[in-house]
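Undergrad: I would like the atomic coordinates for the input below:
(2 chains)
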Amino acid sequence: KQEVTQIPAALSVPEGENLVLNCSFTDSAIYNLQWFRQDPGKGLTSLLLIQSSQREQTSGRLNASLDKSSGRSTLYIAASQPGDSATYLCAASNTGNQFYFGTGTSLTVIP
Amino acid sequence: ETGVTQSPTHLIKTRGQQVTLRCSSQSGHNTVSWYQQPLGQGPQFIFQYYREEENGRGNFPPRFSGLQFPNYSSELNVNALELDDSALYLCASSLGRGPYNEQFFGPGTRLTVL
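TA: Modelled structure (predicted):
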């Protein structure tokens, strides 16, 4: 069974700082990896999807990378803003049509 | 393009009762997945429906059941509610049933069991 881990569980940074969120998974036979943002009590907003054949995806200030061989993905956020404060979740898909989620990293950007 | 919608937003039930949650998939999407997210945890897969048939199930007991309708909307039914069923229930739709497909989530239904 796929196990997904996110470290750190919580992160607090001053506004303007660049930061990296980490996601690791135990089964490298993934089809894709998706990063989500979740505001308190809300649903998930898709940020980036990386297919297994890809190494990275970029959207605005966000860049996600994928290294299947080491079982790792990172989400890089450039020039962080207070509006980036949220919980960030990664999810990996294997066979069985489900996504396996980590427990998330709670990010606070201090003005 | 209409996104994924869920109803109701919040729900309070007592132990032993039954509940039905509803989800409308994003326009053009034929696959719906349901997830349970307890407070402080990541979402956990309950099951997936593709063209009105169950297409994969997570580690949840049979009292969690579902339906998908011809318009691809879906229901999640939970019988004999337990206190541990209190959680945010998320619905996700995708274009196709394979694990390659990006999932788009609704805002969720917050269920509280007293």
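
Undergrad: name the element the spatially most central residue of chain B belongs to?
TA: For chain B, the residue nearest the mean C-alpha position is residue B:34 (3.0 Å; Cα atoms, centre = their mean). Per DSSP states H and E, residue B:34 falls inside strand B:31-37.

Undergrad: and what of residue A:106?
TA: Here residue A:106 sits within strand A:105-110, counting by DSSP H and E.

Undergrad: and that strand, how far out from the chain's middle?
TA: Its chain's C-alpha centre lies 13 Å from the corresponding centre of strand A:105-110 when counted by Cα atoms, centre = their mean, to the nearest Å.

Undergrad: now do stretch B:77-90
TA: Distance of stretch B:77-90 from the chain centroid (Cα atoms, centre = their mean) equals 11 Å.

Undergrad: now stretch A:73-92
TA: With Cα atoms, centre = their mean, you get 6 Å for stretch A:73-92.

Undergrad: ok, now stretch A:104-111?
TA: On Cα atoms, centre = their mean, the centre of stretch A:104-111 falls 13 Å from the chain's centre.

Undergrad: before we move on, back to that, residues touching the nearest residue to the residue nearest to the centre of chain B once chain neighbours are set aside, list them.
TA: Setting aside the residues directly before and after it, residue B:34 is nearest to residue B:46 in space (Cβ to Cβ, 6 or more residues apart in numbering or on different chains), at 4.3 Å. Every C-beta, even on glycine, is put in place using the N, C-alpha and C of the backbone. Residue B:46 sits next to B:33-36, B:57-58, B:60, B:64, B:66, B:76 when contact means Cβ atoms under 8 Å, 6 or more residues apart in numbering or on different chains.

Undergrad: what's the burial count for residue 95?
TA: Answering for chain A, as no chain was given. Applying other Cβ atoms under 10 Å in any protein chain shown, we find 13 residues neighbouring residue A:95.

Undergrad: Switch to chain B, please.
TA: Close neighbours of residue B:95, defined as other Cβ under 10 Å, add up to 15.
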